[in-house]
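A.B. asks: Sequence first, predicted model second:
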Amino acid sequence: MRDLKPKSKIDFYLERMQHRGFTVEQVLEGTGLRSDHLDDPHGRPRPPQYRQIILNMLRLTGDPYLGISLGQEFKISDLGILGYAALSAPTLRASRELYDRFRDLNEQHLFVSRNHIANGRWFSEIQDVHRLGDVLRFGIEEFVSQTIELASSLTNRAFPVLELHLTYPQPPDISRYIRRFNCPVYFNQPRNIVVFDINLLQDPISLANDEVFKLCTRNCELLAANSRDRSVLAESIRNHLMNNPGSFPTLEEMARHLRMGARTLRRRLVEEDISYQRILDQTREDLAIQYLRHTALTPKEIGFLLGYSSVSNFRRAFKGWTGKTLSDVRGQEA
């Protein structure tokens, strides 16, 4: 257990691309990111940079189904101590609950999944909170393929998908879908939904060990606490806002979410030379640009998603952030 911290998504991408013969510089091209700054909380990639990295990987490999392959290559060991804890859990359900509890140990989530159970089936809706646009397909293929890989690794049993409902059009060749997912796939659907058999959550973990599970869970708690202590507070707030689209809490509400007083939150942000309002504005700016470039949402709809009751107020705010009009940015490529 030498490396307790889960591998970041960027580190995973860089490792797998180097295995394919591509350099770090090739993968990060056009992102403004530097490999020696990736461990710096201020230098962590933002959604537009992730999108560019994915586009780079697809271009370099020439493999439109790269997401499926990368999901299949993800290993339990890439989760660090969280992986050891999952391996020692009694059942897949306990493992999943543990992962959900400590999911913030992973630095970036491209999706938010909403789950509900009905008629013995587990419906997991994948919500594209970062508006990945033309790399949405890659992200979903990687997500589903990785879910299958991790669950199968934990139980040494098959973890079949019952159905896939996808918002994007059917690719020209779906043979990779048939081989990897082996289930009915419905394209051009209103939502992205993965359907699993809920009974599979009762499958026992092959290396279950109660004492090891307790020890690893405690280590996860310590690592999470240490990560919170070391993290840049502004970055934690940005991540929360990005992963909860449409929700822009007041400073007092955010302070309660972070389990601290409003005065403490204000003071710590001053120490980081930023204000809460500036974080809100930066997050709204990032999301607005993503929505304008990669969706067909109207300015009124985008303004509503960003918390503006008037489209004119949104237009003025956007002009103040970027110095550009909405139509200027809508016509630009990333």
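C.D. replies: Ah, there it is.
A.B. asks: So which residues of the stretch 101-250 of the chain form helices?
C.D. replies: 136-155, 175-180, 210-230, 233-242 (DSSP state H, counting those that start in this stretch).
A.B. asks: Distance from the chain centre to the last one, please.
C.D. replies: Which is helix 233-242. 13 Å (Cα atoms, centre = their mean, to the nearest Å).
A.B. asks: Please apply the same query to the longest one.
C.D. replies: On the basis of Cα atoms, centre = their mean, the separation between the geometric centre of helix 210-230 and that of its chain is 21 Å.
A.B. asks: Just the mean pLDDT for stretch 248-258, thanks.
C.D. replies: For stretch 248-258, the per-residue pLDDT values average out at 90.
A.B. asks: Next, the buried residues of it.
C.D. replies: For stretch 248-258, burial by neighbour count (16 or more other Cβ atoms under 10 Å) applies to 248, 249, 251, 254, 255, 258. All C-beta atoms are positioned from the backbone trio N, CA, C, and that covers glycine.
A.B. asks: now do stretch 133-153
C.D. replies: Result for stretch 133-153 [16+ other Cβ under 10 Å]: buried residues 135-151, 153.
A.B. asks: I'd like the helices of the stretch 101-250 of the chain laid out as CSV, including distance to residue 76.
C.D. replies: Formatted as CSV, those follow (distance: least, Cβ to Cβ, whole Å):
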stretch, distance to residue 76
helix 136-155, 5
helix 175-180, 19
helix 210-230, 12
helix 233-242, 24
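A.B. asks: Residue 163: which of these is closest?
C.D. replies: helix 136-155 (11.2 Å; Cβ to Cβ).
A.B. asks: For residue 121, find the nearest of the helices of the stretch 101-250 of the chain.
C.D. replies: Among these, helix 136-155 comes nearest to residue 121, with 15.1 Å by Cβ to Cβ.
A.B. asks: the strands in the chain, which residues?
C.D. replies: Along the chain, the stretches classed as strands by DSSP state E are 112-118, 121-127, 161-165, 185-186, 192-197.
A.B. asks: Which residue, other than its chain neighbours, is closest to residue 219?
C.D. replies: Leaving aside its sequence neighbours, residue 219 sits nearest to residue 81 (Cβ to Cβ, 6 or more residues apart in numbering; 4.9 Å).
A.B. asks: on that earlier part again, which one of the buried residues of stretch 248-258 sits closest to residue 292?
C.D. replies: Comparing the buried residues of stretch 248-258 against residue 292 with Cβ to Cβ places residue 248 closest, at 18.2 Å.
A.B. asks: Test my guess that the closest one contacts residue 238.
C.D. replies: No: counting by Cβ atoms under 8 Å, residue 248 does not reach residue 238; the two are 11.9 Å apart.
A.B. asks: and for those two, which residues touch both?
C.D. replies: Applying Cβ atoms under 8 Å, 6 or more residues apart in numbering, one finds that residue 248 and residue 238 are jointly contacted by residue 283.
A.B. asks: Residue 125 is in contact with residue 140, correct?
C.D. replies: No: counting by Cβ under 8 Å, residue 140 does not reach residue 125; the two are 11.3 Å apart.
A.B. asks: what's the overlap in contacts for the two?
C.D. replies: By Cβ under 8 Å, 6+ apart, the residues touching both residue 140 and residue 125 are residue 192.
A.B. asks: Make TSV out of the buried residues of stretch 248-258 and add distance to residue 67.
C.D. replies: TSV is the format used below for the buried residues of stretch 248-258 (distance: Cβ to Cβ, whole Å):
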residue	distance to residue 67
248	31
249	33
251	38
254	33
255	38
258	33
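A.B. asks: Look up how far residue 214 lies from the residue nearest to residue 219.
C.D. replies: Residue 81 sits at a distance of 13 Å from residue 214 (criterion: Cβ to Cβ, to the nearest Å).
A.B. asks: of these two, who's got more company?
C.D. replies: Each of residue 81 and residue 214 has its neighbours counted (other Cβ atoms under 10 Å); residue 81 has more, 23 against 12.
A.B. asks: Model confidence score at that one, please.
C.D. replies: 85.
A.B. asks: Give me the residue ranges of the protein where confidence is low.
C.D. replies: Applying pLDDT under 70 to the chain picks out residues 1-4, 37, 39-44, 104, 106-110, 129-130, 226-231, 245, 331-334.
A.B. asks: try 50 this time
C.D. replies: For the chain, the stretches with pLDDT under 50 are 1-2, 334.
A.B. asks: How about residue 302: what's its closest non-neighbour residue?
C.D. replies: Distances taken as Cβ to Cβ, 6+ apart put residue 291 closest to residue 302, at 4.6 Å, once the chain neighbours are dropped.
A.B. asks: domains in the chain, as residue ranges please.
C.D. replies: Listed by automatic domain parsing, the domain ranges of the chain are 9-202, 232-330.
A.B. asks: gap between the two ends of the first one?
C.D. replies: Using Cα to Cα, to the nearest Å, one end of domain 9-202 lies 29 Å from the other.
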